[in-house]
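Novice: Model the following, please.
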Amino acid sequence: MNTHATIEKMQKLHLTGMKRAYESSFETRNRDSFDNDEFIGWLIESEDLYRNNRKTERLLKNARFHYRASIEEIDHAAERNLDRSLLSRLSDCSFIDRHESVIITGCTGTGKSFLASALGNQACMKGYKVVYFNMGKLITRLSLAKVDGTYLKELGKIESYDLLIIDDFGLQPIANDTQVILLDLIEDRNHKKSTIFCSQIPLKNWYDLMEEKTIADAFLDRIIHSAFRFELKGESLRKKMKK
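Specialist: Next comes the predicted model:
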């Protein structure tokens, strides 16, 4: 089989990474530095790398992060009260394998969404399925699903994600209907998947946000006791950037 036919076969078999590496070997002439086994190994490694990169790009796109953030970009200034040791432990994403959750609280502008997005980005890089929601939009989506009969289907979709990020939790009082949706959501994920909550409201005040105290007890009992916590402080990072 000649070179052109080989490239066409790779194209037909959707071996794009291998095809690109094979074509580049003629341009760089690095093929001469490999024996046959090494060359085949290099082609297979190129295909594997290409597929992993495509998968990561797809995971990042589907996550719909508020920020394209990374762990390396996080500001560790002392006044932020950011637990560097905890962040380091979470950055390997093993908390997702253990189905543990994270709660990030702090005043507006202290970097809650950025920190959550950075952890989510890290999870995508390691191959986990992640989705990011503003709480208001998430509740609206599930409320509409109740009306059109697709509620269980939507809950199932969200449950399929390894990590769910809920931003702006408790920004508005949580009425009974919303509480029931939140409880359904967390019940499906409890001990099965991980969730990150971001909120301007201190954790000690979450109970007061909810109208129906029985549901509040059930909901908070499932997320608070075993969750990792960040309590961010300091001046708004947005203000600091303007300065």
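Novice: Report the separation between residue 158 and residue 138.
Specialist: 8 Å (CB to CB, to the nearest Å). All C-beta spots, glycine's among them, are computed from the backbone N, C-alpha and C.
Novice: Between these two, tell me which one has more neighbours.
Specialist: Per other CB atoms under 10 Å, whichever of residue 158 and residue 138 has more neighbours is residue 138, with 23 against 18.
Novice: Residue 166 is in contact with that one, correct?
Specialist: Yes: assessed by CB atoms under 8 Å, residue 138 is found in contact with residue 166 at 6.4 Å.
Novice: Measure how far stretch 4-13 is from the centre of its chain, please.
Specialist: Offset of stretch 4-13 from its chain centre (CA atoms, centre = their mean, to the nearest Å): 36 Å.
Novice: quick one: buried residues of it?
Specialist: In terms of neighbour count (16 or more other CB atoms under 10 Å), stretch 4-13 has its buried residues at 7, 10.
Novice: on contacts alone, who are the packing partners of the helix or strand containing residue 62?
Specialist: Assigned by DSSP states H and E, residue 62 falls within helix 36-63. Here helix 36-63 touches helix 16-28, helix 112-125, strand 130-134, going by 3 or more CB pairs under 8 Å, 6 or more residues apart in numbering; DSSP states H and E.
Novice: what separates residue 52 from residue 124, distance-wise?
Specialist: 12 Å.
Novice: Those two: which is more packed in?
Specialist: Per other CB under 10 Å, whichever of residue 52 and residue 124 has more neighbours is residue 124, with 23 against 13.
Novice: Low-confidence regions, the protein specifically.
Specialist: 1, 29-32, 236-243 (pLDDT under 70).
Novice: Give me the domain ranges for it.
Specialist: 3-62, 64-242 (automatic domain parsing).
Novice: For the residue nearest in space to the middle of the chain, which non-adjacent residue is closest in space?
Specialist: The centre of the chain sits closest to residue 120, judged by CA atoms, centre = their mean, with a distance of 2.8 Å. Counting by CB to CB, 6 or more residues apart in numbering, residue 130 is the residue found nearest to residue 120 once chain neighbours are left out, at 4.6 Å.
Novice: With residue 142 instead?
Specialist: The nearest residue in space to residue 142 (CB to CB, 6+ apart) is residue 181, at 5.0 Å.
Novice: could you pull out the strands for this structure?
Specialist: Assigned by DSSP state E, the chain shows strands spanning 102-106, 130-134, 163-167, 194-199, 228-232.
Novice: between those, which gets nearest to residue 174?
Specialist: strand 194-199 (11.2 Å; CB to CB).
Novice: For the closest one, which strands pair with it and how are they oriented?
Specialist: Paired strands of strand 194-199, with direction, are strand 102-106 (parallel), strand 163-167 (parallel) (DSSP bridges).
Novice: What lies in contact with it?
Specialist: 95-96, 99-105, 112-113, 115-116, 119-120, 162-171, 186, 189, 206, 223, 227 (CB atoms under 8 Å, 6 or more residues apart in numbering).
Novice: I only care about those residues that end up buried; give me the PyMOL line for that.
Specialist: Provided next is the PyMOL selection string for whichever of these are buried by 16+ other CB under 10 Å:
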select buried, resi 95+96+100+101+102+103+104+105+112+113+115+116+119+120+162+163+164+165+166+167+168+169+170+186+189+206+223+227
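Novice: Which strand residues bridge residue 232?
Specialist: With DSSP bridges as the rule, residue 232 is bridged to residue 106.
Novice: pretty sure it contacts residue 113?
Specialist: No: Residue 232 lies out of contact with residue 113 (CB under 8 Å); the separation is 10.7 Å.
Novice: rewinding a little: give the buried residues for the helix holding residue 62.
Specialist: 39, 42-43, 46-47, 50, 59-60, 63.
Novice: Closest one of those to residue 6?
Specialist: When these are compared against residue 6 (criterion: CB to CB), the nearest one is residue 43, at 10.6 Å.
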